[in-house]
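Asks: I would like the atomic coordinates for the input below:
(one chain, ligands or ions: 1)
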Amino acid sequence: MSTAQHNDTLFQERVDQEIKIEPRDWMPEAYRKTLVRQISQHAHSEIVGMLPEGNWISRAPSLKRKAILIAKVQDEAGHGLYLYSAAETLGTSREQMINDLHSGKAKYSSIFNYPTLTWADIGAIGWLVDGAAILNQVMLCRTSYGPYARAMVRICKEESFHQRQGFDILIALSKGTDAQKAMCQDAINRWWWPSLMMFGPKDTESTNSDQSMKWKIKRKSNDELRQSFVDMCVQQIKVLGMTLPDPDLKWNEAKGCHDFGEINWDEFWNVVKGNGPCNKQRLDARKKAWAEGEWVREAATAFANKRQKSKLESLNNDADIRKAV
Ligand code: BYC
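Replies: Have a look, this model is predicted:
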């Protein structure tokens, strides 16, 4: 057995024994690359995900709703920061990751390329999009790479609040006027199918799943998580008194879960390839924010350098004093 094969075997044994992999541990290059890909795409999704909801901060229907929405959008920025930091521990700089987003090389979740047309969309995002995110991310709390798993624990706590706030908006609308009820149903109709797409392609089409499951980066497959999501939403929609826009949705006694209609995979890949309704708008907004924030990054770097310099000077002074005594 070659040294490389031996290292690979030892690595897989550690993963199988549920020992977390930490930044300084040896890891196969492909494991490192997969993690940088997934974690950075996850970080980009959090940051791009601030845009559709941020769009409604100035138009939230009350002071209370506005304060809650601001807190949620700020949380997403925090999630992005934890995740960029986790990815940086694998040796890729944040600047590189952001360049890859801006050049179109790195992906981010397809879901954020749809527009938020009404206030009910903010409710539907919280309930469906954050609901889908929670199912996926609770599994990632047990992912094999330590810094990613630990970041996810905190993120999941905040996601639960996000889902609740979304559901609360929809409950209020579903008990409102006929126009509010219609707005609620319309938002659910538009967000349902894109939310199912968030889990990624079918298992049979998923290029990364097999290896990621073996390395315990992923703990459940795309289809398993999607199925749990459908089963969960079928129960929750009853509380709203609304319907899910799928005529093929029905309980399958033999399988013990719900059958559901075929996802429009052409639409999914079209959005992933950059041709969704808002892809261009989202990337342009991120590039503009990056360019306009340059002076902040420069000022922060200058401040950090100055602090470092004065710290070194005071250490030198201490050494001089010790020498003199
Ligand atoms: N959108 O082999 P597969 C949030 C790509 S943030 C775009 O199954 P994998 C929130 C995939 O990258 C939600 N692309 O991939 C934030 C791959 O292409 P590459 C984000 C997608 O990685 C703010 C190709 O398709 N959550 O919740 O094994 C406000 C083949 O797929 C998508 C995460 O990022 C998609 N939906 O599995 C509110 C969670 N799906 O990279 C909410 C972490 C697939 O080979 N990520 N692709 O060129 C994951 O769990 C996994 O990366 C995925 C995909 C399940 C998403």
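
Asks: and after the helix or strand containing residue 52, which helix or strand comes next?
Replies: Assigned by DSSP states H and E, residue 52 falls within helix 50-54. Counting by DSSP H and E, the next helix or strand C-terminal to helix 50-54 is helix 63-88.

Asks: Name the residues that touch the next helix or strand after that next one?
Replies: Next helix or strand after helix 63-88 toward the C-terminus (DSSP H and E): helix 94-103. Residues outside helix 94-103 that contact it (CB atoms under 8 Å, 6 or more residues apart in numbering) are 36, 40, 43-44, 84, 87-88, 106, 108, 283, 286-287, 290. The C-beta positions use only the backbone N, C-alpha and C, and glycine is treated the same way.

Asks: can you check stretch 155-165 too?
Replies: For stretch 155-165, using CB under 8 Å, 6+ apart, the contacting residues are 68-69, 72, 75, 78-79, 82-83, 126-127, 130-131, 133-134, 137-138, 141.

Asks: any idea of the angle the one helix or strand residue 319 maps to forms with helix 94-103?
Replies: In this structure, residue 319 sits in helix 294-324 according to DSSP H and E. Orientation of helix 294-324 against helix 94-103 (axes from the mean of the first three to the mean of the last three CA atoms, to 10 degrees) gives an angle of 170 degrees.

Asks: Centre of the chain to helix 294-324, how far?
Replies: Here helix 294-324 is found 37 Å from its chain centre; the criterion is CA atoms, centre = their mean, to the nearest Å.

Asks: For that helix, buried residues please.
Replies: Across helix 294-324, burial judged by 16 or more other CB atoms under 10 Å covers no residue at all.

Asks: can you check stretch 247-265 too?
Replies: 249, 258, 260, 263.

Asks: by contact count, what packs against the helix or strand that contains the second one?
Replies: Following DSSP H and E, the helix or strand that holds residue 258 is strand 257-259. Here strand 257-259 is seen to pack against helix 222-240, strand 250-252 when contacts are counted using 3 or more CB pairs under 8 Å, 6 or more residues apart in numbering; DSSP states H and E.

Asks: centroid residue for the protein?
Replies: Most central in the chain under CA atoms, centre = their mean is residue 42, positioned 4.4 Å from the mean C-alpha point.

Asks: my guess is it meets residue 86, correct?
Replies: No - look at residue 42 against residue 86 with CB atoms under 8 Å: they stay out of range, at 9.0 Å.

Asks: Let me know the closest of the contacts of helix 94-103 to residue 240.
Replies: If you rank the contacts of helix 94-103 by distance to residue 240 using CB to CB, residue 108 comes first, at 28.8 Å.

Asks: What sits closest to the closest one if chain neighbours are left out?
Replies: residue 44 (3.9 Å; CB to CB, 6 or more residues apart in numbering).
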